[in-house]
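**Q** Any chance you could fold what I've pasted below:
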Amino acid sequence: MSEIGHFKFSNKVVAIPLLAMILIWAVYWLELSLGINFNEFGVMPRTVTGLRGIILCPFIHGSLEHLYNNTIPLAILLSALWYFYRDVAWKVVVYGVLLSGIITWLIGRTSYHIGASGLIYVLASFVFFKGVFSSYYRLVALSLIVVFIYGSMLWYIFPVKEGMSWEGHLAGFITGLVLAKMVKARIPQTKKYDWEKDDYNEEDDLFLRHFDENGNFRELPIEEDFEEEESFKYNYIFKKSSKSDSDG
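**A** I've put the predicted structure just below:
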């Protein structure tokens, strides 16, 4: 697959992140409108009712600041996922939510774990490691951009801040790494020059023939072929003048 055919903009690059933002903001608005709290629908580790939070926790946020801090990274990383890895994007999101939620349920503290930050860590980790594993220059560049923008997120997979679900962040980071290794995404083929190919022969290269084995320039003998070619046959066409023309 060529690079042009692979990295192609589609409506999903904008529509999916926009839909995600609308959903998480709508849930928070619903909480404020009804005067209720959805925190109990988050992940409660090692309880049966807490399993529902594996699916529901990405839509639930504890405060406006919590919601705002998750909105922009979620939108940017979803856009990057759908643009660069559109053939596996849904698989990464669905498996990412499920696997990171299960890990959080297993290792988390006895508290409700809510928010889309677990999914954000899945996306950041997947985009970074997938680009590194692919060794494709544009995807590696994307990995470096992710590190530059969200590299500080790495600290929050450790218990450095009270009231933050570092277990969910750690679960998302591990999940992204696993998916980057296991999920097979189509990577565009890099154009190879003749000298990069396995069957390349230096002796057939007209440019390299101007240099000896030490890299010194040498003049190639000019081969001239002076063989006599068959003589050309010329056909002359004569038009006999009419009598009137000769008399005139």
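**Q** Now do the helix or strand hosting residue 97: which elements does it pack against?
**A** Taking DSSP states H and E as the definition, one finds residue 97 inside helix 89-107. Applying 3 or more C-beta pairs under 8 Å, 6 or more residues apart in numbering; DSSP states H and E, we find helix 89-107 packed against helix 53-56, helix 64-84, helix 117-134, helix 166-182. C-beta here means a position set from N, CA and C on the backbone, and glycine is covered the same way.
**Q** Identify all contacting residues around that helix.
**A** For helix 89-107, contacts defined as C-beta atoms under 8 Å, 6 or more residues apart in numbering pick out 12, 16, 43-46, 50-51, 53-55, 57-58, 78, 81-82, 85, 113, 118-119, 121-123, 126, 165, 167-168, 170-172, 174-176, 178-179, 183.
**Q** Quick one, which of those are buried?
**A** 12, 16, 43-45, 50, 53-54, 57-58, 78, 81-82, 85, 113, 118-119, 121-123, 126, 165, 167-168, 170-172, 174-176, 178-179, 183 (16 or more other C-beta atoms under 10 Å).
**Q** Residue 115 and residue 16, how far apart?
**A** Applying C-beta to C-beta, to the nearest Å, the value for residue 115 to residue 16 is 19 Å.
**Q** confidence score at residue 201?
**A** For residue 201, the pLDDT comes out at 57.
**Q** next one: residue 192
**A** 56.
**Q** Also residue 240?
**A** 60.
**Q** what's the residue nearest the centre of the chain in contact with, if anything?
**A** Taking C-alpha atoms, centre = their mean as the criterion, residue 84 is the residue nearest the geometric centre of the chain, at 3.4 Å. Residues near residue 84 by C-beta under 8 Å, 6+ apart: 7, 127, 138-139, 142.
**Q** what's residue 160 sitting at in phi/psi?
**A** phi -100, psi -10 (degrees, to the nearest 10).
**Q** Surely it touches residue 166?
**A** Yes - assessed by C-beta atoms under 8 Å, residue 160 is found in contact with residue 166 at 7.2 Å.
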